[in-house]
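S.K.: sharing a model prediction with you, sequence too.
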Amino acid sequence: MLRRLGRVSLPVGRIVDGHVNALKLIALYGSADQQAQARAQAASGVIFGVWGADGVPRASVEASKSSSVVMSGQKRF
């Protein structure tokens, strides 16, 4: 499937690859709640993705005092 998509549109193929990869990682490493939430979101049309390369400074995700999540650092395309 990815080969066929890549022949037609490499950007679309990369988006689909990132979506499938993200869902696979959630299935492997996510909690049961995260897995259920991801399945429901994907079924409703949400597109997932992954970042492949860290920049300088390296990206990190931390919980803030207001219970939100804050990402800092860089990711490269």
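M.R.: Received the coordinates, thanks. Since this is a predicted model, take the numbers as computed values, not measurements. Numbers count the residues shown, from 1 in each chain.
S.K.: against the centre of this structure, work out the most remote residue.
M.R.: residue 65 (24.5 Å; Cα atoms, centre = their mean).
S.K.: quick one: which helix or strand includes it?
M.R.: Using DSSP states H and E, residue 65 maps to neither a helix nor a strand.
S.K.: and what of residue 70?
M.R.: Secondary structure assigned from DSSP H and E places residue 70 in strand 69-72.
S.K.: in the helix or strand hosting residue 35, which residues are buried?
M.R.: Assigned by DSSP H and E, residue 35 belongs to helix 32-43. By neighbour count with 16 or more other Cβ atoms under 10 Å, helix 32-43 contains the buried residues 38, 42. Backbone N, C-alpha and C define where each C-beta goes, glycine included.
S.K.: state the mean pLDDT of that helix.
M.R.: For helix 32-43, mean pLDDT rounds to 96.
S.K.: for residue 22, grab the count of nearby residues.
M.R.: By other Cβ atoms under 10 Å, the residues close to residue 22 number 17.
S.K.: what separates it from residue 38, distance-wise?
M.R.: 8 Å (Cβ to Cβ, to the nearest Å).
S.K.: go on, residue 47?
M.R.: From residue 47 to residue 38 the distance is 12 Å (Cβ to Cβ).
S.K.: counting contacts, what elements does the worst-scoring helix or strand of the chain on mean pLDDT pack onto?
M.R.: For the chain, using mean pLDDT, DSSP states H and E, the weakest element among its helices and strands is strand 75-76, scoring a mean of 74. The elements that strand 75-76 packs onto, with contact taken as 3 or more Cβ pairs under 8 Å, 6 or more residues apart in numbering; DSSP states H and E, are strand 53-54.
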